[in-house]
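> Here's a sequence, model it:
(chains A and B)
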Amino acid sequence: MADEVLLLDFWPSMFGMRTRIALEEKNVKFDYREQDLWNKSPILLEMNPVHKKIPVLIHNGKPVCESLIQVEYIDEVWPSKTPLLPSDPYQRAHAKFWGDFIDKKVYASARLIWGAKGEEQEAGKKEFIEILKTLESELGDKTYFGGETFGYVDIALIGFSSWFKAYEKFGDFSIEVECPKLIAWAKRCVKRESVAKSLPGSEKITKFVPELKKKLGIE
Amino acid sequence: MAEKEESVKLLGFWASPFSRRVEMALKLKGVPYEYLEEDLPNKTPLLLELNPLHKKVPVLVHNDKILLESHLILEYIDQTWKNNPILPQDPYEKAMARFWAKFIDDQILTLGFRSLVKAEKGREVAIEETRELLTFLEKEVTGKDFFGGKTIGFLDMIAGSIIPFCLARLWEGIGIDMIPEEKFPELNRWIKNLEEVEIVRECIPPREKQIERMTKIAETIKSA
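Residues are numbered from 1 along each chain as shown, chains lettered A, B, ... in the order given. Down below sits the predicted model:
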């Protein structure tokens, strides 16, 4: 019996991008269903009653919520020659630690760059740069966060890169100047088919931000 | 099989549900460990050296490996010592356990602690919002002895360390009956089941001391 895989998602979501990438890495056929977050569909409300958020991965009718949990689930259900997470317990914990760090820190500070003004925006920008520098230091001189192979931590972070141009525009700064190694890493990642297929273009995101601000009632 | 020198150290804090849950896991697996109590807020140089990024307990040191973040430590323990499994085997069940664990530590902890104390929309609203979240857990444990089924597992350790022996002490300290029996029969039953488990009992912080501590923290939050 063939697997039925649905993904409830929203095109600019850097969280949804993670799940898309993981599915593409595993060559899993999935049905992508774009969601209107300001008019939530019955299926979204039914499949994620706790948070009512995307992305939601629905595998043979059963929902899995939270993007990094989905990435790990995908890795376990569709094991392949290229696992997304290391099998060694310590290496695994290390990768998930950084995934958790990215989850806790990146979005919140970045949001202040495009969503706030004045001092609040400056504070967000400063924190964001510090966080990226911490990540850049963790990356070091490796090709990917996990070493030679693309994996979990890369997947956790790469979606944000589609928003970099937007952050730079609204924050009036250059991420490349601050974190050149991270930008080089991002360029390597987007060369992968799974990533290229899953990330929207920077210009599309930059154009979308004012629209998003209006929808959120921010000026 | 060669005899290897195995060293397990845990940096923790008596009141921290996050380090208590790691102790539950180590005890369940029968892993001997050296416990190092942090005298918070005075953090030892060792803690700052082992966890420079977050500067928090728990920290597990297994031989020369440093493990951080309680959920990750629990998973590491489960994968390293294979007896008495903590997480389910099935990938879907595992994903659900991880989902609920995140829900508890993110949502329930925020709403049931900080937001509740600040009660920006009023106390009754704060209580209702917290109860709404707890209702999801009530459903999850319905018909089961524990979240893990017949025996305690990952979610029992996560929820057990936080709800009955940490948050409930806060609720008692500030005069809130958050999970009355008539509204939450299943959660109350689960708590009674937990209290019967020896390794859980060994990891319950002293009741009065915890109530006092949580009440003090609540006062600090309120006046901030």
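
> Could you pull up phi and psi at B:Tyr35?
Note on B:Tyr35: backbone dihedrals following degrees, to the nearest 10 are phi -100, psi 130.

> which residue packs closest to it, ignoring adjacent ones?
B:Leu10 (5.3 Å; C-beta to C-beta, 6 or more residues apart in numbering or on different chains). Quick note: C-beta positions are derived from backbone N, CA and C, even for glycine.

> do B:Arg213 as well
Closest residue to B:Arg213 apart from its sequence neighbours, by C-beta to C-beta, 6+ apart: B:Ala15 at 5.4 Å.

> same deal with A:Trp163?
A:Ile205 (5.5 Å).

> Can you give me the buried ones in the lengthiest helix in chain B?
When chain B is parsed with DSSP state H, its longest helix is helix B:123-141. Neighbour-count burial for helix B:123-141, counted by 16 or more other C-beta atoms under 10 Å in any protein chain shown, picks out B:126-127, B:129-131, B:133-134, B:137-138, B:140-141.

> just stretch A:169-181 next, same as before
A:170-171, A:175, A:178-179, A:181.

> which helices and strands does the lengthiest helix in chain A pack with?
Counting by DSSP H, the longest helix found in chain A is helix A:89-115. Secondary structure elements in contact with helix A:89-115, counted by 3 or more C-beta pairs under 8 Å, 6 or more residues apart in numbering or on different chains; DSSP states H and E, are helix A:67-77, helix A:118-139, helix A:152-161, helix A:164-171, helix A:202-216, strand B:65-68, helix B:70-80.

> Packed most tightly, which of the ones you listed would that be?
Most buried of the helices and strands packed on helix A:89-115 by mean neighbour count (mean count of other C-beta atoms under 10 Å in any protein chain shown) is helix A:152-161; its value is a mean of 25.

> and that one, what other elements does it pack with?
Applying 3+ C-beta pairs under 8 Å, 6+ apart, one finds that helix A:152-161 contacts helix A:14-25, helix A:67-77, helix A:89-115, helix A:180-190.

> so what's the nearest residue to A:Leu8 once chain neighbours are set aside bridging to?
Sequence neighbours aside, A:Val56 is the residue nearest to A:Leu8 in space, at 4.2 Å (criterion: C-beta to C-beta, 6+ apart). Here A:Val56 sits in beta bridges with A:Leu8, A:Cys65, going by DSSP bridges.

> per-residue pLDDT, A:Val56?
Here, the pLDDT recorded for A:Val56 equals 98.

> do B:Glu3 as well
For B:Glu3, the model assigns a pLDDT of 48.

> ok so, going back, ok, the residue nearest to A:Trp163 touching A:Ser162?
Yes. With contact defined as C-beta atoms under 8 Å, A:Ile205 reaches A:Ser162; the gap is 5.5 Å.

> Pull up the overlap in contacts between the two.
Common neighbours of A:Ile205 and A:Ser162, using C-beta atoms under 8 Å, 6 or more residues apart in numbering or on different chains, are A:Pro12.

> Would you convert the helices and strands packed on helix A:89-115 into TSV that also reports mean pLDDT?
Shown next, in TSV, are the helices and strands packed on helix A:89-115 (pLDDT from 0 to 100):
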stretch	mean pLDDT
helix A:67-77	98
helix A:118-139	97
helix A:152-161	98
helix A:164-171	96
helix A:202-216	96
strand B:65-68	97
helix B:70-80	98
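
> Please name whichever of these is nearest to A:Val50.
Ranking the helices and strands packed on helix A:89-115 by proximity to A:Val50 (C-beta to C-beta) places helix A:67-77 first, at 12.5 Å.

> Tell me the residues on chain B that lie near chain A, please.
Counting by C-beta under 8 Å from any C-beta of the partner chain, chain B comes close to chain A at B:53, B:62, B:65, B:67-69, B:72-73, B:75-76, B:79-80, B:91-92, B:94-96, B:98-99, B:102-103, B:136.

> let's go with 7 Å and repeat that
B:65, B:67-69, B:72, B:75-76, B:79-80, B:91-92, B:95, B:98-99, B:102-103, B:136 (C-beta under 7 Å from any C-beta of the partner chain).

> Quick one: residues contacting B:Gly148.
Neighbouring residues of B:Gly148 by C-beta atoms under 7 Å, 6 or more residues apart in numbering or on different chains: B:154-156.

> gap between A:Tyr48 and A:Asn27?
You called it Tyr, but residue A:48 is Asn. From A:Asn48 over to A:Asn27 the distance is 26 Å, taken as C-beta to C-beta, to the nearest Å.

> Could I get the pLDDT score of the residue nearest to A:Gly151 when sequence neighbours are not counted?
Leaving aside its chain neighbours, A:Gly151 sits nearest to A:Leu84 (5.0 Å; criterion: C-beta to C-beta, 6+ apart). In this model, A:Leu84 is scored at 98, pLDDT.

> so what's the backbone phi/psi at B:Ile217?
Per degrees, to the nearest 10, the backbone of B:Ile217 is at phi -60, psi -40.

> does B:Pro17 really touch B:Cys166, like I thought?
Yes. Checked against C-beta atoms under 7 Å, the pair B:Pro17 and B:Cys166 is within contact range at 4.4 Å.

> For A:Arg33, give the beta-bridge partners.
Counting by DSSP bridges, A:Arg33 forms beta bridges with A:Leu8.

> Give me the neighbour count for it.
15 (other C-beta atoms under 10 Å in any protein chain shown).

> go on, B:Asp156?
26.

> So it sits against B:Gly149, correct?
No. B:Asp156 lies out of contact with B:Gly149 (C-beta under 7 Å); the separation is 9.6 Å.

> quick revisit: just checking, which of the contacts of B:Gly148 belong to strands?
Members of the contacts of B:Gly148 lying in strands (criterion: DSSP state E): none.

> Centre of the chain to stretch B:156-164, how far?
4 Å (C-alpha atoms, centre = their mean, to the nearest Å).

> Any buried residues in the helix or strand harbouring B:Lys222, and which?
Under the criterion of DSSP states H and E, B:Lys222 resides in helix B:207-223. By neighbour count with 16+ other C-beta under 10 Å, helix B:207-223 contains the buried residues B:210-211, B:213-214, B:217-218.

> how long is stretch A:155-175 from one end to the other?
19 Å (C-alpha to C-alpha, to the nearest Å).
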